[in-house]
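Enquirer: what's the 3D shape of this:
(one chain, ligands or ions: 1)
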Amino acid sequence: MSSLFDPIKIGDIALANRIVMAPLTRNRAIEGNRPGPMTVEYYRQRASAGLIIAEASQISPMAQGYLDTPGIYSPEQVAGWRQVTDAVHAAGGKIVLQLWHVGRISHSSLLPDGAAPVSSTSKRPEAMTFTREGFSPVSTPRALRDDEIPSLIDDYRRAARNAIAAGFDGVEVHSANSYLLDQFLRDSVNDRNGPYGGSIANRARLLLEVMQAIADEIGAGRTGVRLSPMTTFSDTPLDSDPQALFSYVVDQLAPLGLAYLHVIEGETGGARIPPNAKPFDYEALHQHFPGAWMVNNGFSRGEALETVAAGKADLIAFGRPFISNPDLVRRLRDDAPLNEMQADKLYGGGAEGYIDYPTLAD
Ligand code: PHB
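Expert: Reported below is the predicted structural model:
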């Protein structure tokens, strides 16, 4: 029987325990969308996590959707992330980077030359983003042409290579929460014809090509992926048959030999088992995936211990608890009380509510 506190090897990455810091957008990148010194300190403080998944980072200038999120496409960004990975490794931790393309969840003011966001569709969701001017509705997207897909895949490939050059132990591809890859997967959004629209196999094609390209570039054992089959985040309805769609996706991912699959159960930022939600059999997906299985969304200490002990997951990712508890691993081990999170300090701002949460030792 495994414990939450036991080491585990996932692909090529050896972890000290099964407690994962989930990717968390904090909007504190400095000029040039680089992680700055505060971000180095933030991740250093959390290095006792078995694995840190560093916040979603845009793979190209067109992949950004919110103000002051970091990127992984420029040499300056790679240098900034190198400070982060060095600090985490010096503190004994492991860290991967989440690779992000927001697709239609963006605003022209954040994009090169005021471009329209790109997506699988030209339909605009009733979603909001955060720009230099504050909260604002997302801009109307432009549907990508099929002949633009190869260069999009190249952007992912280059971003993965940059992440390794920046010292990360691997990458997690963000295919969740209604961002670009999810916009291709779901028939509630994807209204294309041709090789990337229509059937499940066609809608999954972009994700699978991205995963193969990254696995070829940096090794499957350093590559993970995040899915959220039942999330309706950002005015993005469920697929008409999420079980069939995500079963196909997992079956196709299985032979790649990925380090892990990370699934957000239930509604992102909401309930893991929403009242009146359509049922979804996560365990059926788990049974088809040979790599490490990581779950997320509001797990209590008791649920996390029980889930790992029962073999229902190999790793538990915690989001909000890691924001306010840099020493979350120790607190879970000792069953110590947790600090409250300051919700008004999540997105943007300075050190307050970012690097000033006390540890038990403090
Ligand atoms: C957010 O910025 O609110 C955000 C970013 C990435 C996610 C979810 C939410 O996956």
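Enquirer: for the ligand, what are the nearby residues on this protein?
Expert: Applying C-beta under 6 Å from any ligand atom, we find that the chain lies next to the ligand at 25, 56, 66, 176, 177, 268. Placement of C-beta: from N, CA and C, glycine included.
Enquirer: run the last query once more with 8 Å
Expert: 23, 25, 27, 55-56, 65-66, 69, 100, 130, 174, 176-177, 179, 226, 228, 233, 268-269, 347 (C-beta under 8 Å from any ligand atom).
Enquirer: can you map out the strands along the stretch 51-200 of the chain?
Expert: Counting by DSSP state E, counting those that start in this stretch, the segments of the stretch 51-200 of the chain that form strands are 51-58, 95-100, 118-119, 128-131, 134-137, 142-143, 170-175.
Enquirer: isn't residue 235 up against residue 124?
Expert: No - Residue 235 is beyond contact range of residue 124, at 9.1 Å (criterion: C-beta atoms under 8 Å).
Enquirer: can you count the residues close to the residue of the stretch 101-250 of the chain found nearest the ligand?
Expert: Relative to the ligand, the nearest point of the stretch 101-250 of the chain is residue 177 (3.6 Å; C-beta to the nearest ligand atom). The number of residues packed around residue 177, counting by other C-beta atoms under 10 Å, is 23.
Enquirer: just residue 290 next, same as before
Expert: 12.
Enquirer: what sits closest to it if chain neighbours are left out?
Expert: Leaving out its chain neighbours, the residue that sits closest to residue 290 by C-beta to C-beta, 6 or more residues apart in numbering is residue 254, at 5.8 Å.
Enquirer: which residues touch that neighbour?
Expert: Applying C-beta atoms under 8 Å, 6 or more residues apart in numbering to residue 254 gives the contacts 288, 289, 290.
Enquirer: spell out the residue ranges of the strands in the stretch 251-362 of the chain.
Expert: Here the stretch 251-362 of the chain has its strands, by DSSP E, counting those that start in this stretch, at 260-264, 292-296, 315-318.
Enquirer: which residues touch the closest residue to residue 159 other than its chain neighbours?
Expert: Ranked by C-beta to C-beta, 6+ apart and with sequence neighbours excluded, the top spatial neighbour of residue 159 is residue 59, at 3.8 Å. Residues in contact with residue 59 (C-beta under 8 Å, 6+ apart) are 71, 72, 73, 99, 100, 101, 155, 156, 158, 159.
Enquirer: next one: residue 121
Expert: Residue 121 neighbours (C-beta under 8 Å, 6+ apart): 104, 141, 143, 183, 189, 190, 191, 192.
Enquirer: quick check on those residues: which are buried?
Expert: For those, a neighbour count by 16 or more other C-beta atoms under 10 Å gives the buried set as 104, 141, 143, 183, 189, 190, 192.
Enquirer: list the contacts for the nearest residue to the fifth one once chain neighbours are set aside?
Expert: Here the nearest residue to residue 189 in space, its sequence neighbours aside, is residue 183; by C-beta to C-beta, 6+ apart that works out to 4.7 Å. Under the criterion of C-beta under 8 Å, 6+ apart, the neighbours of residue 183 are 103, 104, 119, 120, 121, 189, 190, 236.
Enquirer: what about 10 Å?
Expert: By C-beta atoms under 10 Å, 6 or more residues apart in numbering, the contact list for residue 183 reads 101-105, 118-121, 123, 125, 141, 144, 189-190, 203, 206, 234, 236.
Enquirer: selecting buried members of those residues in ChimeraX, what would you type?
Expert: Remark: buried members of the contacts of residue 183, expressed as a ChimeraX selection using 16+ other C-beta under 10 Å:
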select :101,102,103,104,105,118,119,120,121,125,141,144,189,190,203,206,234,236
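Enquirer: let's see which of the contacts of residue 183 end up in helices.
Expert: 203, 206 (DSSP state H).
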